[in-house]
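Q: With the input below, show me the fold.
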Amino acid sequence: MFKTLGSAFKNRELRKSIIITLLLLLVYRLGCFLPTPGLDSSLYSNIANDDVTGLLSLLNAVTGSALANASIFALGVTPYINASIIVQLLAVAIPALERLSKEGDEGRNKINLITKITALILALAQGLGIVLGLGGDYIVPIFGANLKWLTSVVVILILMAGTCFTMWLGDKITEQGIGNGLSLIIFVGIIATAAQSIVNAIKNIQYSITYLWELVGFLALVLLIFFLIAFVDMAERRITVQYTKQVKGNKMYGGQSSYIPMKVNSSGVMPIIFASAIITFPSLIISLFGKDATSGGFAGFWFKYFGTGTVLYSILTALLILFFAYFYAQIQFNPHDVSLNIQQHGGFIPGIRPGKPTMEYLKKVSNRITLFGAIFLAFIALVPSVMFSAVAVGSQGLLNGFTATGMLIVVSVAIEIRDQLEAQLMMKRHKNIL
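A: Below you'll find the predicted structure:
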């Protein structure tokens, strides 16, 4: 990775793109510390920091502590992520959206516009949730006590504007920088939150030497999880494809072998995000009505048996991850289309007859790989959090900065950036040769 970055800095065009990317990311980080007028940041940070294992912890890490700071970027790219999930699910159910996804750049641009409009609507809904769900104690009137409603409107509009500006920054990074802009914004947010948690843990060492050993053990466990995630994320099953020789005119084509790369974790972090969004949605709705675990009726029952950290919560989360892993794998990889494409180009898998047998073979391999990847995602989503809690007994702040889901996102984005830089370096080398 560092070798690739060093080679990229030697190239003038890539160096310019990297500098532009860093400057735009700096603008985002500065915005994460600009407070939202009308929100009590001190009270609001307690809510985000106390939820060390729930959804707010993940959202706070993704936004780079912007949520805990009650900044103008408190929502970050969360509405856009949720909108992308909704549009992708609707593209499977609605034929019109499915046709748009297959119409090339024009269709993708229209889907991107639909996604951004949906993100704006979700930002409005989440802004309303923040204002209504937190109650009046967290709203600081800036137009007088009698115009508290006007302050609430201003807060919602500022949060929506922050989401729009974040999406614009992501688009600019994608156009003029390197990598996917929104992925890089999430990447930087997670890294910043993790770094801040480490700094706070180091400050606590002066109070007790126990904190030092907890920090060392925690970081060792983090490195182990990072290695496991990187190992599985880069793992793939390569299916050999042999092409027959074909004579077209005076030239002979084919006669070469290739392979179909099937990644073990092809769906990335999406199944975890899908599962977390669904399992925590009832808790968010209940919280908006001022209910908690001490309430009676359905609210108390839900938090007692399906709240974060309960056994049923873990089981249901694992099952949802398995389901969405298979769902996402079917969207990304179609055995019928792949087998048909191989047959049309005169290819075959050694030992497998073309046509339906090839499709069935690819489907069987895909299902087995997806099962292993889904089990891995369920493990990453549940087990490391328990291990982190056991190691960092006295340094609970580390749990806010390091979530297994966030680590998975960091590894995936880092590998994506490395691959894109290597591809651009190779393209420029070939261009110079020509």
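
Q: other SSEs contacting the host helix or strand of residue 418?
A: In the assignment (DSSP states H and E), residue 418 maps to helix 404-433. Secondary structure elements in contact with helix 404-433, counted by 3 or more CB pairs under 8 Å, 6 or more residues apart in numbering; DSSP states H and E, are helix 2-10, helix 12-31, helix 55-62, helix 181-204, helix 210-234, helix 270-288, helix 356-391. Bear in mind the C-beta positions are built from the backbone N, C-alpha and C, glycine included.

Q: Keeping just the C-alphas, turn the helix or strand residue 302 falls within into CSV.
A: Remark: residue 302 resides in helix 297-306, with elements defined by DSSP H and E. Backbone C-alpha positions of helix 297-306 (Å, rounded to 0.1, in the frame of the first residue of the first chain) are rendered in CSV as follows:
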residue,chain,number,x,y,z
GLY,A,297,-45.8,-3.0,27.2
PHE,A,298,-44.3,-3.7,23.9
ALA,A,299,-41.5,-1.1,24.3
GLY,A,300,-40.2,-2.8,27.5
PHE,A,301,-40.6,-6.3,25.9
TRP,A,302,-38.6,-5.3,22.8
PHE,A,303,-35.7,-3.7,24.7
LYS,A,304,-35.6,-6.6,27.1
TYR,A,305,-35.4,-9.4,24.6
PHE,A,306,-34.3,-7.7,21.3
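
Q: Give me the buried positions along that helix.
A: Within helix 297-306, the residues scored as buried using 16 or more other CB atoms under 10 Å are 299-300, 302-303, 306.

Q: State the mean pLDDT of that helix.
A: When the per-residue pLDDT values of helix 297-306 are averaged, the result is 71.

Q: chain center to the next helix or strand after that helix: distance?
A: Next along the chain after helix 297-306, taking DSSP H and E as the criterion, comes helix 311-332. What separates the centre of helix 311-332 from the centre of its chain is 16 Å, taken as CA atoms, centre = their mean, to the nearest Å.

Q: Specify which member of the buried residues of helix 297-306 is nearest to residue 98.
A: Each of these was scored against residue 98 by CB to CB, and residue 306 proved nearest at 33.8 Å.

Q: ok, so what distance separates that closest one from residue 282?
A: Taking CB to CB, to the nearest Å as the measure, residue 306 and residue 282 are separated by 7 Å.

Q: do the same with residue 114
A: Going from residue 114 to residue 282 by CB to CB gives 27 Å.

Q: just residue 193 next, same as before
A: The value you get for residue 193 to residue 282, if CB to CB is used, is 26 Å.

Q: neighbour count winner among the two?
A: Between residue 193 and residue 282, counted using other CB atoms under 10 Å, residue 193 has the larger neighbour count: 26 against 14.

Q: Could you report the pLDDT at that one?
A: Listed pLDDT for residue 193 reads 79.

Q: re earlier: buried sites along the helix holding residue 418?
A: By neighbour count with 16+ other CB under 10 Å, helix 404-433 contains the buried residues 404-414, 416-418, 421, 424-425.

Q: host element of the residue lying closest to residue 91 once chain neighbours are set aside?
A: In this structure, residue 91 finds its nearest non-sequential neighbour in residue 97, 4.2 Å apart by CB to CB, 6 or more residues apart in numbering. In this structure, residue 97 is located in helix 95-101 according to DSSP H and E.

Q: for that helix, packing partners?
A: For helix 95-101, the elements it packs on are helix 78-93, helix 104-134, judged by 3+ CB pairs under 8 Å, 6+ apart.

Q: now, of those helices, which is deepest in the fold?
A: Comparing these by mean neighbour count (mean count of other CB atoms under 10 Å), helix 78-93 ranks first with a mean of 18.

Q: angle of that helix against helix 181-204?
A: What separates the directions of helix 78-93 and helix 181-204 is an angle of 140 degrees, with axes from the mean of the first three to the mean of the last three CA atoms, to 10 degrees.

Q: that older thread, closest to residue 146 among the buried residues of helix 297-306?
A: Comparing the buried residues of helix 297-306 against residue 146 with CB to CB places residue 299 closest, at 32.8 Å.

Q: quick one: low-confidence parts of the stretch 201-350 of the chain?
A: Applying pLDDT under 70 to the predicted model, the residue ranges of the stretch 201-350 of the chain that meet it are 207-208, 245-255, 277, 281, 283-296, 298-299, 307-309.

Q: can you count the residues close to residue 360?
A: Residue 360 is flanked by 14 other residues according to other CB under 10 Å.

Q: what sits against the residue nearest to it when sequence neighbours are not counted?
A: Taking CB to CB, 6+ apart as the measure, residue 360 lies nearest to residue 335, with 7.7 Å between them; neighbours along the chain are not counted. For residue 335, the contacting residues are 359-360, 362-363, 366, by CB atoms under 8 Å, 6 or more residues apart in numbering.

Q: looking at the sheet around residue 139, what are its partners?
A: Beta-bridge pairing of residue 139, defined through DSSP bridges, involves residue 39.

Q: Tell me how many other residues surround it.
A: 18.

Q: Pretty sure it sits against residue 130.
A: No. Using CB atoms under 8 Å, residue 139 and residue 130 do not qualify as a contacting pair, with a distance of 9.6 Å.

Q: what is in contact with those two at once?
A: Each of residue 155 lies in contact with both residue 139 and residue 130 under the rule CB under 8 Å, 6+ apart.

Q: what about the residue nearest to residue 360, distance to residue 260?
A: Relative to residue 260, residue 335 is positioned 10 Å away (CB to CB).

Q: between the two, what contacts are shared?
A: Going by CB under 8 Å, 6+ apart, residues that sit against residue 335 and also against residue 260 are residue 362.

Q: residue contacts, residue 274?
A: By CB under 8 Å, 6+ apart, the contact list for residue 274 reads 85, 320-321, 324, 328.
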